[in-house]
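A.B. asks: Let's see this in three dimensions:
(one chain, ligands or ions: 2)
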Amino acid sequence: MHKGEPVYSGKAKSLYATDDPRLMVMEFRDDTSAFDGQKVARLARKGMVNNYLNAFLMERLAAAGIPTHFVRRLSATRSLVKRLAMVPLECVVRNRAAGSLCRRLGVEEGRVLSPPTFELFLKNDALHDPLVNEYHAVTFGWADRPTLARMVEQSFRVNELLSPLFADAGLVLVDFKLEFGWADGELVLGDELSPDGCRIWDAASGEKLDKDRFRKDLGRVVESYEEIAARLGVPLPASP
Ligand code: TMP
Ligand code: ASP
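C.D. replies: Ligands and ions are numbered 1, 2, ... in the order given. Model (predicted):
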């Protein structure tokens, strides 16, 4: 279905053109990166596990009325998606304190955030994706006010849908990052939903089951992603 070289290749995914200019093939690679690409590795099966988890979560969101770019899974590591004009912002929803929030505000990890909070980051590797606010976004033309309001609303709605889904599987959705883009005049959820862009903890033990295992050298990275898939009831193909 796809042709030629990737149109875009990021740190963990590649995008290919298709015969239809409105559609792209998204390939989930085994490449893993953290700290703006300072730490990289190839983790066998990660692309496949993330492709399956992303398909499952995107389909759940679409069924609940969230517009997304996801069309269907094509193979173990590839999915068909709508071509989007991306908003250059990352939307982060946090239910518990972790990561950069703890470092920035001196909050202890794991503190329950009530109500959940929202942060915006500019997608700019050279600047290390800095935290920005909605006034910056409007002033610099990254997104207008109605678009920002819609991104915030959709982000919290995703949280309301996914938090109970994870809770029912004995998992805590600590935080997650979303990206949005435009397709045919509609703002839709793009990018991916996987343990690469979320923090997910075991509810009973607090054990980290997401990309923090890679960032912090905790080991068993893909095994933990597979554990998340198993708990959510997402069947994965056996190892070749
Ligand atoms: P942070 O605590 O490092 O700001 O990350 C918040 C959430 O966003 C966490 O779930 C990981 C995710 N994230 C990405 O998906 N990509 C990134 O480049 C960064 C920095 C965070
Ligand atoms: N995804 C980013 C990177 O590769 C940051 C991170 O997730 O830690 O560098």
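A.B. asks: Tell me how far stretch 147-156 lies from the chain's centre.
C.D. replies: 16 Å (Cα atoms, centre = their mean, to the nearest Å).
A.B. asks: For that stretch, the averaged confidence score.
C.D. replies: Per-region confidence: stretch 147-156 scores 98 on mean pLDDT.
A.B. asks: neighbouring contacts of that stretch?
C.D. replies: 66, 87, 89, 91, 93, 116, 118, 120, 134, 137-138, 143, 178, 180, 187, 189 (Cβ atoms under 8 Å, 6 or more residues apart in numbering). In this view, the C-beta of every residue, glycine as well, is placed from N, C-alpha and C.
A.B. asks: and if we set it to 6 Å?
C.D. replies: Contact with stretch 147-156 is made by 91, 93, 118, 134, 137, 178, 180, 187, as judged by Cβ atoms under 6 Å, 6 or more residues apart in numbering.
A.B. asks: Surely the second one touches residue 159?
C.D. replies: Yes - with contact taken as Cβ atoms under 6 Å, residue 93 and residue 159 are classed as touching, separated by 4.7 Å.
A.B. asks: out of these two, which sits in the more crowded spot?
C.D. replies: residue 93 (25 against 19; other Cβ atoms under 10 Å).
A.B. asks: is any part of the helix or strand hosting the more buried one close to ligand 2?
C.D. replies: Using DSSP states H and E, residue 93 sits within strand 89-96. No - on the criterion Cβ under 6 Å from any ligand atom, strand 89-96 is out of touch with ligand 2, staying 9.9 Å away.
A.B. asks: CA atoms only for that strand, dumped as CSV, please.
C.D. replies: As requested, the backbone C-alpha atoms of strand 89-96 are provided in CSV (Å, rounded to 0.1, in the frame of the first residue of the first chain):
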residue,chain,number,x,y,z
LEU,A,89,2.1,21.4,20.3
GLU,A,90,2.1,18.5,22.7
CYS,A,91,-0.8,18.3,25.1
VAL,A,92,0.0,16.5,28.4
VAL,A,93,-2.7,15.5,30.9
ARG,A,94,-1.4,14.5,34.4
ASN,A,95,-3.4,12.5,37.0
ARG,A,96,-0.3,12.0,39.3
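A.B. asks: How far away from the center of its chain is it?
C.D. replies: For strand 89-96, the distance to the chain centre is 10 Å (Cα atoms, centre = their mean).
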